[in-house]
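**Q** this is the structure alone, sequence omitted:
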């Protein structure tokens, strides 16, 4: 295990050391102490390594993550795991706005609450939140799943494409073109697997599914003639 | 962009070190606002019948003692003074309107940065660390303090356009964001008798709260109305003589983080600015909700 004290080393040096790890690396476990809300911790990783951030992280922590597993033992600032491609990012505390924004793959687990715009424009990532999510979550979400064990804020799933949204608690309001849908067997199976991966003991049948009504401009074949 | 920070002490434990605790918070927000910086500190309250003015003069060598003497004989009352760089705190045993009128007549070049019984506002163009050291922030005492580091968008980089803004007795406001209905609102408030010294949008928000409080509203009522009447992006931190408030707009795209312990409540644009506070490791740290305000007031 290798430890970097971010009170002594710069985030740039830490990230460079992580980037230097190839898939054949022998150094699999990394720890960053004293993050003190620094931005861009553990961004752009592309190796099968595990990184523990011991404290609160600033903006864009674990952004663009590929393969690696990053755990924040505290809160994360804006855009945690933004544009993640694969791997796992886990936030033990709360995440600020735009968690998992535009992420293409992998698993983002937030054990506390997520702020506004969680999963905005997500493109294939799975996001599981133990607490609540803020307003405009999943805005223009294209694919992947968002699981919320608590409540969702205003305008959930506005202008949604194909993301599957599962909410256990209340939804303050649904965004344009987002509707409540039936939980079929395949959805129970998908949700069960996601909750299991996240390590949350929740009853999948207690959730409601939301998705796109597919009524907005982009879904109308007549509009294809415009091109 | 801009950075805002605030620290409100819930008891007397850290009153003597308020400036020392706050200085690193302000400097930590330099990346968000290197154009100018300022802070409003509450403490050293004057007795009833006195008013405290924070006054700036362009000349460092300005003779404040002579001005205080002239004011004293013109008003027929005691005037105490204390210089801090090119700013002085004048304590006048009179009402605010008479003190202001007398000052304007005797020294038209002087600019009143704040007025009240407790507030002192100090602000300048330049890097936060330079402003903190110029005014010896680390040596200051008080009960609460709010500060701002500015990256200018809606008006010029000048001392006048720097935050905090004060438009009424003991009230001040710092703002991260931009208001979109400030011009019309400024006109309306001018008709209601509120005076503005800049074209800055944040000054309008301060003027709005002054107007509401002048009508006898509580801080809570004033903020409830502000959420309806102010249009735009904002995270505000507001100081009154006994109170401290934080409010975010419904869109909440401007960042804010708060921390609370038994001894204090702190807010900042980013968590980085809170890391030097005592006991922060065990503080409750959270992001304030959209369209919500948080108020702490001394009884």
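**A** Received the coordinates, thanks. Just so it is clear, the model here is predicted, and its values are computed rather than measured.
**Q** contact residues of chain B facing chain A?
**A** Counting by Cβ under 8 Å from any Cβ of the partner chain, the residues of chain B close to chain A are B:250, B:252-253, B:255, B:257, B:270-275, B:285-287, B:289-290. Quick note: C-beta positions are derived from backbone N, CA and C, even for glycine.
**Q** so which of those residues is the closest to residue B:226?
**A** Distance to residue B:226, by Cβ to Cβ, is smallest for residue B:250 among those, at 12.1 Å.
**Q** in contact with the residue of chain B found nearest chain A, which residues?
**A** Closest residue of chain B to chain A, Cβ to the nearest Cβ: residue B:271 (3.3 Å). Contact partners of residue B:271, counting by Cβ atoms under 8 Å, 6 or more residues apart in numbering or on different chains, are A:36-37, A:56, A:58, A:75, A:77, B:257, B:285.
**Q** what about the spatially closest residue to residue B:219 that is not a sequence neighbour, how many residues nearby?
**A** Using Cβ to Cβ, 6 or more residues apart in numbering or on different chains and skipping the chain neighbours, the partner closest in space to residue B:219 is residue B:243 (5.5 Å). A count of nearby residues for residue B:243, using other Cβ atoms under 10 Å in any protein chain shown, gives 19.
**Q** any idea how far the residue of chain A found nearest chain B lies from residue B:112?
**A** Nearest to chain B, among the residues of chain A, is residue A:37, at 3.3 Å (Cβ to the nearest Cβ). As for residue A:37, its distance to residue B:112 is 37 Å (criterion: Cβ to Cβ, to the nearest Å).
**Q** same thing with residue A:45?
**A** 54 Å.
**Q** neighbour count for those two, which is higher?
**A** Between residue A:45 and residue B:112, counted using other Cβ under 10 Å, residue A:45 has the larger neighbour count: 26 against 18.
**Q** still on that earlier bit, the residue of chain A closest to chain B falls within a helix, correct?
**A** No. In this structure, residue A:37 is coil, not part of a helix, as judged by DSSP: H, G, I helix; E, B strand; the rest coil.
**Q** next, count neighbours for residue B:288.
**A** Residue B:288: 18 neighbours (other Cβ under 10 Å).
**Q** other SSEs contacting the lowest-mean-pLDDT helix or strand in chain B?
**A** Of all helical and strand segments in chain B, the minimum by mean pLDDT, DSSP states H and E falls on strand B:165-168, at a mean of 88. Packing contacts for strand B:165-168, counted by 3 or more Cβ pairs under 8 Å, 6 or more residues apart in numbering or on different chains; DSSP states H and E, involve strand B:111-116, strand B:171-179, helix B:201-214.
**Q** sketch out the low-pLDDT regions of chain A for me.
**A** A:23-25 (pLDDT under 70).
**Q** give the contact list for residue 136.
**A** Picking chain A for this. Residue A:136 sits next to A:116-117, A:120, A:153-156, A:158, A:175 when contact means Cβ under 8 Å, 6+ apart.
**Q** not quite, go with chain B.
**A** By Cβ under 8 Å, 6+ apart, the residues touching residue B:136 are B:19, B:84.
**Q** 7 Å instead, please
**A** Residues in contact with residue B:136, defined by Cβ atoms under 7 Å, 6 or more residues apart in numbering or on different chains, are residue B:84.
**Q** what's the span of stretch B:9-17, first residue to last?
**A** Taking Cα to Cα, to the nearest Å, the first and last residues of stretch B:9-17 lie 11 Å apart.
**Q** ok, what's across the strand from residue B:284?
**A** Counting by DSSP bridges, residue B:284 is bridged to residue B:260.
**Q** for residue B:145, see how far away residue B:37 is.
**A** Taken as Cβ to Cβ, the spacing of residue B:37 relative to residue B:145 amounts to 13 Å.
**Q** ok, now residue A:38?
**A** 25 Å.
**Q** also residue A:170?
**A** Taking Cβ to Cβ, one finds residue A:170 at 39 Å from residue B:145.
**Q** ok, residue B:206 next?
**A** Taken as Cβ to Cβ, the span from residue B:206 to residue B:145 is 16 Å.
**Q** higher neighbour count, the two?
**A** Taking neighbours as other Cβ under 10 Å, residue B:206 and residue B:145 compare with residue B:145 leading, 29 against 25.
**Q** check contacts around residue B:23.
**A** Residue B:23 sits in contact with B:132, B:137-138, where contact means Cβ under 7 Å, 6+ apart.
**Q** re the thing from before, pLDDT score assigned to the residue of chain B closest to chain A?
**A** According to the prediction, residue B:271 has pLDDT 96.
**Q** identify the residues contacting whichever strand or helix holds residue A:188?
**A** Assigned by DSSP states H and E, residue A:188 belongs to helix A:185-198. With Cβ under 7 Å, 6+ apart as the test, helix A:185-198 has contacts from A:107, A:109, A:126, A:128, A:145, A:147, A:164, A:166, A:202, A:204-205, A:207, A:209.
**Q** try stretch B:230-238
**A** The contact list for stretch B:230-238 (Cβ under 7 Å, 6+ apart) reads B:4, B:6, B:146, B:173-181, B:205, B:208-209, B:245-249, B:251, B:253-254, B:256, B:267.
**Q** of those residues, buried ones?
**A** Buried by 16 or more other Cβ atoms under 10 Å in any protein chain shown: B:4, B:6, B:146, B:173-177, B:179, B:205, B:208-209, B:245-249, B:251, B:253-254, B:256, B:267, out of the contacts of stretch B:230-238.
**Q** residue A:28 touches residue A:52, doesn't it?
**A** No. Residue A:28 is beyond contact range of residue A:52, at 11.8 Å (criterion: Cβ atoms under 7 Å).
**Q** skipping adjacent residues, who's closest to residue A:6 in space?
**A** residue A:34 (4.9 Å).
**Q** from residue B:280, how far out is that neighbour?
**A** Distance from residue A:34 to residue B:280, by Cβ to Cβ: 12 Å.
**Q** residue A:116 now?
**A** Per Cβ to Cβ, residue A:116 is found 24 Å from residue B:280.
**Q** these two: which is more packed in?
**A** Legend: neighbour count by other Cβ under 10 Å for residue A:116 and residue B:280, higher for residue A:116 (26 against 18).
**Q** the more buried one against residue B:290, yeah?
**A** Yes. Using Cβ under 7 Å, residue A:116 makes contact with residue B:290 at a distance of 6.4 Å.
**Q** which residues do the two both contact?
**A** A:135, B:252.
**Q** show the pLDDT at residue B:203.
**A** pLDDT, residue B:203: 92.
**Q** same thing with the one 4 residues further on?
**A** pLDDT, residue B:207: 95.
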